[in-house]
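Undergrad: Need the 3D shape of this:
(chains A, B, C and D)
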There are 2 protein chains.
Amino acid sequence: MKSGHAERDPVRWQEQVESVCAGQGLHLTPLRRRVLTILSESSAPLGAYAIIDQLSRLEGKPIAPPTVYRTLDFFLDHGFVYKIESRNAYAPCEHLGHAHHGVLLLCDKCGRSDEIEDMGLDRLLQATAARAGFAPHRQMVELVGLCRDCAA
Amino acid sequence: MKSGHAERDPVRWQEQVESVCAGQGLHLTPLRRRVLTILSESSAPLGAYAIIDQLSRLEGKPIAPPTVYRTLDFFLDHGFVYKIESRNAYAPCEHLGHAHHGVLLLCDKCGRSDEIEDMGLDRLLQATAARAGFAPHRQMVELVGLCRDCAA
DNA sequence: TCCCGTAAGGATATAACATAACAGCTGCTG
DNA sequence: CAGCAGCTGTTATGTTATATCCTTACGGGA
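TA: Next comes the predicted model:
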């Protein structure tokens, strides 16, 4: 029985990140690794303060916001994580390697986020922007609604 | 000489909102009217607290956040204003009447926001979502980059 | 007239999200 | 070993948004 969700494997995802880091000489420190685990094990995107809480519990001492925001910045910069602007939340990027400009499907009911790529859409967006004389360097496409599972 | 920007006429926009309100029996109170004016006269989208500041100056007394957030909610509910999620800012919706699901072009340099409609894009988004079994009821498409004027 | 319901706004407090600024540590490299 | 870069800790603060309760204004029906 297959779920409607992408069924990301947390372990596999983390291994991929590890291998990309190794390949690019990026430092995957213990702190970063822990945040990675927290993110990957969550079924839904997490807010920064949810990460702070979990991390504080893990470490047994309070972790201050800047620590987590810096870690998130590192992941965002390298495309391992994306930010969901309409929710102020962060989620593992399933398509490592590509610039992360997918379409986000955000379920109202279960809170999950799914990311899909669509070259046709990207081209159309680019063309639409170009027609307005606009040169985009970042795009956000977020759809809020009901996912397959929750609609059923 | 025509600007690259939509050159929205603040007065005209406000009149349109007035007429829609009249037509739908919506109450355009003095407070709402003042917020409308503040929004329409700004060249770039405003954050809620910028509105609070301006409104407080206009009224000669401090205005509390809930007052402005309620007013914004009213405008958002009726599609007079849209929220720019990636900036936490609010701007007049130039296409009254349509559900406001346009593409937002956000200039990094001058801070302005432009809204364009694209039926083709909407259809493609809808189709893409449907293929994933997703039923969207709200969409956000934001492109960040350089507008025509600033690129020149 | 009196009462009541509803919509709008005021006031206080607090929650939630994010960053500035500086200090310390570690490991590399000249 | 000196000096620098990268990472983390710490304190404080800035920014955005909501919960809660109270008051006012207005319209409709007993």
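Undergrad: what about stretch A:107-118, near DNA strand C?
TA: No: on the criterion C-beta under 7 Å from any atom of the strand, stretch A:107-118 is out of touch with DNA strand C, staying 12.0 Å away. Bear in mind the C-beta positions are built from the backbone N, C-alpha and C, glycine included.
Undergrad: Can you get me the start-to-end distance on that stretch?
TA: This stretch, stretch A:107-118, spans 19 Å end to end (C-alpha to C-alpha, to the nearest Å).
Undergrad: got it, and stretch A:143-152?
TA: With C-alpha to C-alpha as the measure, the first residue of stretch A:143-152 is 18 Å from its last.
Undergrad: in it, what's buried?
TA: Residues A:143-148, A:150 are the ones in stretch A:143-152 that count as buried (16 or more other C-beta atoms under 10 Å in any protein chain shown).
Undergrad: Could I get the contacting residues of the residue most central in space within chain A?
TA: Using C-alpha atoms, centre = their mean, the residue of chain A that lies closest to the mean C-alpha position is residue A:91, 2.9 Å off. Under the criterion of C-beta atoms under 8 Å, 6 or more residues apart in numbering or on different chains, the contact partners of residue A:91 comprise A:39, A:44-46, A:81-82, A:84, A:113, A:115.
Undergrad: Look at residue A:28 and say how many residues are nearby.
TA: Using other C-beta atoms under 10 Å in any protein chain shown, residue A:28 has 16 neighbouring residues.
Undergrad: re earlier: okay if I get the contacts of residue A:91 as CSV plus neighbour count, distance to residue A:137 and secondary structure?
TA: CSV is the format used below for the contacts of residue A:91 (neighbours: other C-beta atoms under 10 Å in any protein chain shown; distance: C-beta to C-beta, whole Å; DSSP: H, G, I helix; E, B strand; the rest coil):
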residue, neighbour count, distance to residue A:137, secondary structure
A:39, 26, 25, helix
A:44, 14, 29, coil
A:45, 22, 24, coil
A:46, 23, 27, strand
A:81, 24, 19, strand
A:82, 23, 16, strand
A:84, 19, 19, strand
A:113, 23, 23, strand
A:115, 19, 19, strand
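Undergrad: Now tabulate those in a markdown table and tack on distance to residue A:27 and pLDDT.
TA: A markdown table is the format used below for those (distance: C-beta to C-beta, whole Å; pLDDT from 0 to 100):
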| residue | distance to residue A:27 | pLDDT |
| --- | --- | --- |
| A:39 | 18 | 98 |
| A:44 | 28 | 97 |
| A:45 | 25 | 98 |
| A:46 | 22 | 98 |
| A:81 | 16 | 96 |
| A:82 | 21 | 96 |
| A:84 | 26 | 98 |
| A:113 | 27 | 96 |
| A:115 | 26 | 94 |
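Undergrad: Relative to residue B:34, which of those residues is nearest.
TA: Nearest to residue B:34 among the contacts of residue A:91: residue A:84, at 33.1 Å, using C-beta to C-beta.
Undergrad: rewinding a little: and which of the buried residues of stretch A:143-152 is nearest to residue B:11?
TA: Taking C-beta to C-beta as the measure, residue B:11 sits nearest to residue A:144 out of these, at 33.8 Å.
Undergrad: so where is chain A shaky, pLDDT-wise?
TA: For chain A, residues meeting the criterion pLDDT under 70 lie at A:1-7, A:98-100.
Undergrad: in it, which strand has the most residues?
TA: Counting by DSSP state E, the longest strand found in chain A is strand A:135-146.
Undergrad: For it, name the packing helices and strands.
TA: Here strand A:135-146 touches strand A:103-107, helix A:119-131, helix B:119-131, strand B:135-146, going by 3 or more C-beta pairs under 8 Å, 6 or more residues apart in numbering or on different chains; DSSP states H and E.
Undergrad: Buried deepest among these, which one?
TA: The highest mean neighbour count among the helices and strands packed on strand A:135-146, using mean count of other C-beta atoms under 10 Å in any protein chain shown, belongs to strand A:103-107: a mean of 24.
Undergrad: follow-up on the earlier one: out of the contacts of residue A:91, what pair is the most spread apart?
TA: The most widely separated members of the contacts of residue A:91 are A:46 and A:115, with 15.2 Å between them, by C-beta to C-beta.
Undergrad: Do you have the strands of chain A handy? List them.
TA: Taking DSSP E as the test, the strands found in chain A are A:81-84, A:89-92, A:103-107, A:113-116, A:135-146.
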